[in-house]
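S.K.: dropping the sequence and predicted coords here.
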Amino acid sequence: MRLRPQSIAVKCVFVARSEKRSRAELPAFHRTDRGLRVSKKDKGRRSEPRLAETRGPEPAAVTGARQAAEKPVSILVVDDEPHVRAMIAAPLERHGCTVAEASGGREALEALELNHCNLVLTDILMPDVNGVDLLERIHALHPNLPVVIVTAVHDIAVAIDAMRRGAYDYLLKPFTPEQLLATVERALSHRRALEASESYHQSLEEIVRARTDMLRHAMEDLEHSYDVTLEALGDALDLKDSETKGHSKRVTAYAIALARAMGIPPEEIKIVARGAFLHDVGKMAIPDEILRKPGSLTGEERELMREHCTRGYQMLRKIPFLAGAAEIVFCHQEHFDGSGYPNGLRGQEIPLGARLFAIADALDAITSDRPYRSGSDFDFARQEILRCSGTQFDPAIVEVFLKIPNELWQELRSEISGHHHRYSPLEVVEDSGA
């Protein structure tokens with residue numbers, strides 16, 4: 001490949017000021033058996049008038065492309081005949097373009113690998129790689145690079161085939177410099193339009209990403225505010241049922257630890273945590289005389305107490321981000337063998353979060369003090385949960401539970417008791433999912 005020097009200026013701006021000498025006008029191209037030649041009758045016969053008389057203003061696409069890039073428009077001319085390449089390059093260089101030349105398809109592909117190019121002008125009939133094959137390779141490697149076929153082959157079928165394969169235009173020899181410049185102008189305008197479209201889509205994608213991030217952060221802030229509200233609701237429930245104070249936080253921490261041990265994804269752990277924390281929210285609708293009754297409940301009172309699952313579900317199900325948690329609240333008293341309430345669900349009919357929560361709930365109930373008994377240790381709780389495996393609890397979850405050392409449960413309980421109201425298990429699961 002040979003890079004022809006620029007004849008005008010480095011910034012590719014055609015300067016015509018104060019030119020006193022005349023220029024030889026580029027003659028028309030004529031076809032010969034070997035390609036292109038200069039007509040004898042045109043040689044030395046005419047002198048070129050001043051630029052304003054022949055070309056007028058510089059083509060807008062050439063000017064716009066060069067101004068946008070602040071560097072010369074680079075055009076690759078591919079032809080196996082040197083004098084043809086020279087005659088094509090001459091008017092382009094007079095308009096300030098940088099012209100690179102290649103004698104064949106292989107040389108052209110090497111040139112495109114090494115140098116930036118805005119446009120390719122190629123012949124069809126060349127010895128190594130013909131122009132159509134070169135066109136296909138360029139189109140595959142550089143989709144936005146326009147290729148103009150410049151040839152003496154006056155065959156409509158060949159022209160149609162070239163256009164179908166991705167050629168931007170088909171320029172027939174012989175042609176005038178004005179025709180060449182007009183074709184180049186259209187091709188460069190086409191390239192600029194493609195680049196502008198790509199730039200717009202990239203900018204649009206960046207805007208979408210930025211706004212998506214903003215929306216995600218806003219949703220996270222909103223979700224955090226929801227969890228703070230839920231924590232306040234849990235504290236209010238503890239005030240209503242002082243005998244189980246701290247139960248909601250402890251059982252939530254246990255459920256989170258068990259869910260992590262089971263490999264549940266962080267987003268689903270959030271649902272489990274909210275369901276565990278709000279599992280007794282329905283007790284807000286239970287009369288205080290039943291909820292705080294020191295003795296045994298009557299059959300009627302027991303049935304009323306059992307309604308807290310349904311009441312809690314009805315309170316939460318209309319809140320979109322608590323829909324999953326509402327299912328846990330509704331089913332947290334169901335047993336694996338179908339002996340629970342309110343619907344007598346069994347096995348896999350019970351949501352996973354509710355099956356998991358049942359073990360966490362039993363663990364805290366066994367190890368916590370009640371007015372009528374003292375809490376047992378974690379070893380005893382482990383034995384009781386194992387004994388009820390397959391009846392009250394899901395055996396697969398019990399198996400995971402038994403692999404967790406008692407020290408973890410004791411540590412969680414101590415941490416919650418030490419923090420009192422400052423500890424939020426809902427914030428703990430948010431941090432783990434971040």
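M.R.: Arrived safely.

S.K.: need the strands for this structure, in chain order.
M.R.: 2-3, 29-31, 36-38, 74-78, 98-102, 119-122, 147-151, 169-172 (DSSP state E).

S.K.: deepest-packed of these, please.
M.R.: Most buried of the strands of the chain, by mean neighbour count (mean count of other CB atoms under 10 Å): strand 119-122, with a mean of 26. C-beta here means a position set from N, CA and C on the backbone, and glycine is covered the same way.

S.K.: count of neighbours near the closest residue to residue 306 other than its chain neighbours?
M.R.: Leaving out its chain neighbours, the residue that sits closest to residue 306 by CB to CB, 6 or more residues apart in numbering is residue 341, at 5.4 Å. Other residues lying near residue 341 total 15 when counted by other CB atoms under 10 Å.

S.K.: local confidence estimate at residue 341?
M.R.: pLDDT for residue 341: 95.

S.K.: with residue 325 instead?
M.R.: Confidence score, pLDDT, at residue 325: 93.

S.K.: check contacts around it.
M.R.: Contact analysis of residue 325 by CB atoms under 8 Å, 6 or more residues apart in numbering lists 271, 274, 275, 278, 316, 353.

S.K.: hmm, the fourth one is touching residue 329, no?
M.R.: What it means is residue 278. Yes - the criterion here is CB atoms under 8 Å, and residue 278 meets it with residue 329 at 5.8 Å.

S.K.: let's have the contacts of residue 325 in CSV, adding neighbour count.
M.R.: Below are these laid out as CSV (neighbours: other CB atoms under 10 Å):
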residue, neighbour count
271, 24
274, 26
275, 28
278, 24
316, 24
353, 26
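
S.K.: helices - which of those residues land there?
M.R.: 271, 274, 275, 316, 353 (DSSP state H).

S.K.: which pair in these spans the largest distance?
M.R.: 316 and 353 (13.1 Å; CB to CB).

S.K.: residues in contact with residue 287?
M.R.: Taking CB under 8 Å, 6+ apart, one finds residue 304 in contact with residue 287.

S.K.: what does the pLDDT read for it?
M.R.: 88.

S.K.: do the same with the one 3 residues further on
M.R.: Model confidence at residue 290, expressed as pLDDT, equals 86.

S.K.: how about residue 27?
M.R.: 37.

S.K.: and for residue 182?
M.R.: pLDDT, residue 182: 91.

S.K.: any idea how far it lies from residue 91?
M.R.: Using CB to CB, to the nearest Å, residue 182 is found at 11 Å from residue 91.

S.K.: residue 316 now?
M.R.: 78 Å.

S.K.: what of residue 269?
M.R.: Counting by CB to CB - residue 269 and residue 91 are separated by 71 Å.

S.K.: one more: residue 379?
M.R.: Counting by CB to CB, the gap from residue 379 to residue 91 is 96 Å.

S.K.: what's the neighbour count on residue 281?
M.R.: 24.

S.K.: excluding chain neighbours, what is closest to residue 246?
M.R.: residue 416 (6.3 Å).

S.K.: re the thing from before, nearest to residue 216, of the ones in helices among the contacts of residue 325?
M.R.: Nearest member of the ones in helices among the contacts of residue 325 to residue 216, counting by CB to CB, is residue 271, at 18.2 Å.

S.K.: ok, back up a step: mind listing what the residue nearest to residue 306 touches?
M.R.: Counting by CB under 8 Å, 6+ apart, residue 341 has contacts 306, 309, 333, 334.

S.K.: quick check: the farthest pair among those residues?
M.R.: Most distant of those, by CB to CB, are 306 and 334, 11.7 Å apart.

S.K.: where in this protein is pLDDT low?
M.R.: 1-71, 238-245, 371, 418-434 (pLDDT under 70).

S.K.: how distant is the top helix by length along it from the center of its chain?
M.R.: In the chain, with assignment by DSSP H, the single longest helix is helix 177-240. Helix 177-240 has its C-alpha centroid displaced from the chain centroid by 9 Å (CA atoms, centre = their mean, to the nearest Å).
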